[in-house]
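A.B. asks: Give me coordinates for this.
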Amino acid sequence: MIDLTALSASGHPALALILALVTGFACSAQSLEPLNAKLRRYVLFSGEYRVRWEGFSGRGFRPENDDHYLLNRYRLNLELRPVPNLTLFAQAQDARVFWNTRVGDVPPLQDRLDLRLAFVRVGNPDKSRLAAQVGRQEIRLGEERLLGTGNWANSARSFDAVRLYWNPAAHARFEIFAAAVAQQTEDAFNRRADGDNIHAVIGHLQFPGTLWEPFGLWRLSPRVRSESGRLGKQDIRTYGLRLAGSAGKQNTYVSEMAY
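C.D. replies: Numbering: from 1, shown residues only. Model prediction:
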């Protein structure tokens, strides 16, 4: 095993970066298909490796307030489909930051080995008349302007949620869920943020050339401290509509409105 941190500390950060990139590409190139071929057909392993170099210069318009660092992330997935219309899924994630000097070793840059996803799904959300998904999962609304996982971050968020799907017709699907964000904590198991819940109803209606997605979001927190220091109840309701479609053969559009 190569200690990238030791290489950096010994004055060879460029070499460490090259090794990290090469190692990552090698891991990505190694297919898990031979392993899956030896397992039962209802067991499937998959994975992901991502590495990114980023940083900032003069943050806050302050001279010499600079930092550049390497973001490294592994994900390992296990999917079980013992019977039709039943799926069990788990994802372990290890996200780390190297060579940082001003930003901390904390989320969303670092969240060492943790259980990011773990859910049970009954039915097919896109095809079954009724379907359900319960457990730690990803939730996205459109381009994630209002609600999403923020997968660009090194340790992308997930939600503990109960999610129900209804497909009344071929071109219509509705979903409803109750969820809470899984709070990321370095060196501890990520647990949901109790008392900070979000509920939603979302529709997916496919018309010729355009997908209509009306939605309603309700964020409820019974105990929130205001700017004045007083405790109160937070009750935020957002309603909106997302439109996505094509205009001609080469043009697409997306519009999202919220109130």
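A.B. asks: Give me the contacts around stretch 221-232.
C.D. replies: Residues from elsewhere that reach stretch 221-232 (C-beta atoms under 8 Å, 6 or more residues apart in numbering): 195-197, 233-234. Using the backbone N, CA and C atoms, a C-beta is placed for each residue, glycine as well.
A.B. asks: quick one: which of those sit in strands?
C.D. replies: 195-197, 233-234 (DSSP state E).
A.B. asks: Most neighbours out of the residues you listed, which is it?
C.D. replies: Greatest neighbour count in those, by other C-beta atoms under 10 Å, goes to N197: 18 neighbours.
A.B. asks: Show the contacting residues for the most centrally placed residue in the chain.
C.D. replies: Nearest to the centroid of the C-alpha atoms of the chain, with distances taken as C-alpha atoms, centre = their mean, sits T149, at 3.4 Å. Residues in contact with T149 (C-beta under 8 Å, 6+ apart) are 138-140, 156-158.
A.B. asks: mind redoing it with 10 Å?
C.D. replies: Contacts for T149 (C-beta atoms under 10 Å, 6 or more residues apart in numbering) come out as 116, 137-140, 156-159.
A.B. asks: Can you name the two of these that sit furthest apart?
C.D. replies: In the contacts of T149, two members sit farther apart than any others by C-beta to C-beta. They are R116 and R140, at 14.8 Å.
A.B. asks: follow-up on the earlier one: against A182, how distant is the residue nearest to the centre of the chain?
C.D. replies: As judged by C-beta to C-beta, to the nearest Å, T149 and A182 stand 10 Å apart.
A.B. asks: Overlap in contacts, these two.
C.D. replies: With C-beta under 10 Å, 6+ apart, T149 and A182 have common neighbours 116, 137, 157-159.
A.B. asks: re the thing from before, mind checking which of the contacts of T149 are buried?
C.D. replies: With burial judged by 16 or more other C-beta atoms under 10 Å, the buried subset of the contacts of T149 is 116, 137-139, 156-159.
A.B. asks: quick one: which of the residues you listed is nearest to S57?
C.D. replies: Of all those, the one sitting nearest S57 is A156; the distance, using C-beta to C-beta, is 25.4 Å.
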